[in-house]
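1. here are the coordinates; sequence isn't available:
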């Protein structure tokens, strides 16, 4: 499926914005608490920004950097085989985290929270890199520059894209309908999983929509 180059350029720019956001969150999460916390009415201090979600931020950073390189020829990143290995490791990491969370909270963990979404995103990246490199041996850059790339098993690509769109819509509806977050990243009223801030949800939506687009244009 062909796509206009300008749309791919916009999505590549969006991915680089998410990279910058996630890099900032990872950096500021390591700064001393007294520089990032504000005293509350009772004199207590909140935890540093981004604490508890470092793996999510790192995963988003790597996924967005990889997708920016695939969408825009001018963005040079790692070789496809390196990205594939990285996302295999991230998939295993989030699978382990989800399994541990499921032991504590039961099977509802599979359909609630953010760990399952991160696991699915990483698995989709593994599929995308593995399927593209296995298709014709072409490099991964310039997907949006008027050159249509073909994925192996296009039905699987469509299935991944459908679930990605569903997860992104679920996140968006959740944000608009009450799963809101306080300033500074603390979830309000316990409605969101620990470490899952409004910024994390926004990054996850951007990642999911962009990934779905890329799967659709290569299926």
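-> Alright, I've got the coordinates. No experiment lies behind these values; they were computed from the predicted model shown.
2. Any stretches of this protein with poor pLDDT?
-> Along the chain, the parts satisfying pLDDT under 70 run over 1-3, 30-52, 106-113, 133-150, 178-196.
3. Determine the longest helix present in the protein.
-> Longest helix in the chain by number of residues (criterion: DSSP state H): helix 80-105.
4. name the helices or strands packed onto it?
-> helix 54-71, helix 115-136 (3 or more Cβ pairs under 8 Å, 6 or more residues apart in numbering; DSSP states H and E). Yep, even glycine has a C-beta here, placed from its N, CA and C like the rest.
5. Apart from its chain neighbours, what residue comes closest to residue 162?
-> Distances taken as Cβ to Cβ, 6 or more residues apart in numbering put residue 212 closest to residue 162, at 8.0 Å, once the chain neighbours are dropped.
6. Surely the one you found touches residue 166?
-> No: the criterion here is Cβ atoms under 8 Å, and residue 212 misses it with residue 166 at 9.5 Å.
7. Which one of the two is surrounded by more residues?
-> residue 212 (22 against 12; other Cβ atoms under 10 Å).
8. Now do the SS call for the more buried one.
-> Following DSSP: H, G, I helix; E, B strand; the rest coil, residue 212 is assigned to helix.
9. Does residue 203 lie in a helix or a strand, and which?
-> Residue 203 belongs to helix 198-217 when assigned by DSSP states H and E.
10. so what does that helix touch, helix or strand wise?
-> In terms of contacts (3+ Cβ pairs under 8 Å, 6+ apart), helix 198-217 is packed against helix 5-28, helix 54-71, helix 115-136, helix 154-176.
11. Buried residues, it. List them.
-> Of the residues in helix 198-217, 198-201, 203-217 count as buried by neighbour count, 16 or more other Cβ atoms under 10 Å.
12. just stretch 73-88 next, same as before
-> 73, 75, 77, 80, 83, 84, 86, 87, 88.
13. With distance to residue 117 added, can I get those residues in TSV?
-> Below are these laid out as TSV (distance: Cβ to Cβ, whole Å):
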residue	distance to residue 117
73	29
75	25
77	23
80	24
83	20
84	20
86	18
87	15
88	18
